[in-house]
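K.L.:
I'd like to go over a predicted model; first the sequence, then the structure.
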Amino acid sequence: GKKQNSRVVPRASTRTLSKMVKYSRDLPNPESCCKARASNLRVHFKNTRETAHILKGMELKKAQKYLQDVIAHKDIVPFLRHTGGIGRHAQTKKYKCSQGRWPEKSCRFLANILQNLESNAESQGLEADTLVISHVQVNRAPKQRRRTYRAHGRINPFMSNPCHVELIASQKAEEVKRGDEDESESKKRRGGQRQLQNGDSA
């Protein structure tokens, strides 16, 4: 009989391209920085924003200890932007404000992100003791809708306010020591500065 033309159907590729996670800023020096992020966290945006804001500039280990102290009510999160209805407490005096809270759920979520940040640093060969949190960003996520039942057969929306969080840590900048200079030159410069302050001509 006649030979039928067999058509070769190409197979579908089994490779799955991993979705790239986008950050709001590029790393200035990827070799000395590490990053971590989380999306659509079921935790209040305002509480998380205030808690994360105070972490900027802290050392990684110090930030982890701070969050544990807030959970234990040994320290407090100062509220500087979202201050509506926030109570006052004496623990906020050292932050030069009067309003603060102990948002335990936000602290636990941020502690998990800091743990991921530390693991990422170790995988890159960085020491956690030398890292400082250099970038913190908390964005609003799409609201999630539920319902609450009211009198006379009405139904009102009961919305949640989740958030996205991203953290970047970088190594501490090494302090550059001032070079040794001749004592006579330094004395001359100091003497000239005193003359200018007194109004005399140098």
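P.N.:
Looks like it came in fine.
K.L.:
Show the average pLDDT along the helix or strand where Leu110 lies.
P.N.:
With elements delineated by DSSP states H and E, Leu110 resides in helix 104-123, which encompasses its position. Averaging pLDDT along helix 104-123 yields 95.
K.L.:
Run the chain-centre distance for that helix.
P.N.:
From the chain centre to the centre of helix 104-123 is a distance of 10 Å (Cα atoms, centre = their mean, to the nearest Å).
K.L.:
And the next helix or strand past it?
P.N.:
Moving toward the C-terminus from helix 104-123, the first helix or strand encountered (DSSP H and E) is strand 131-140.
K.L.:
Ala121 and Val132: what is the separation?
P.N.:
Going from Ala121 to Val132 by Cβ to Cβ, to the nearest Å gives 11 Å. Bear in mind the C-beta positions are built from the backbone N, C-alpha and C, glycine included.
K.L.:
which of these two has more neighbours?
P.N.:
Using other Cβ atoms under 10 Å, the more surrounded residue of Ala121 and Val132 is Ala121, with 22 against 16.
K.L.:
okay, and the common contacts of Ala121 and Val132?
P.N.:
Shared contacts of Ala121 and Val132, defined by Cβ atoms under 8 Å, 6 or more residues apart in numbering, are found at 60, 169.
K.L.:
before we move on, which element is Arg49 in?
P.N.:
Assigned by DSSP H and E, Arg49 belongs to helix 45-53.
K.L.:
what does that helix rub up against?
P.N.:
Defining contact as Cβ under 8 Å, 6+ apart, one finds that helix 45-53 is touched by 41, 67, 70, 77-82, 101, 103, 105-107, 109-110, 136-138, 140-141, 161-163, 165, 167.
K.L.:
Thought Ile155 was touching Tyr149, still the case?
P.N.:
Yes - using Cβ atoms under 8 Å, Tyr149 makes contact with Ile155 at a distance of 6.0 Å.
K.L.:
Regarding the closest residue to Gln99 other than its chain neighbours, what is its secondary structure?
P.N.:
In space, Gln99 comes closest to Ile86 once its chain neighbours are excluded; the distance is 4.1 Å by Cβ to Cβ, 6 or more residues apart in numbering. For Ile86, the assignment made with DSSP: H, G, I helix; E, B strand; the rest coil gives coil.
K.L.:
List the residues that contact Ile86.
P.N.:
With Cβ under 8 Å, 6+ apart as the criterion, the residues that contact Ile86 are 79, 99-101.
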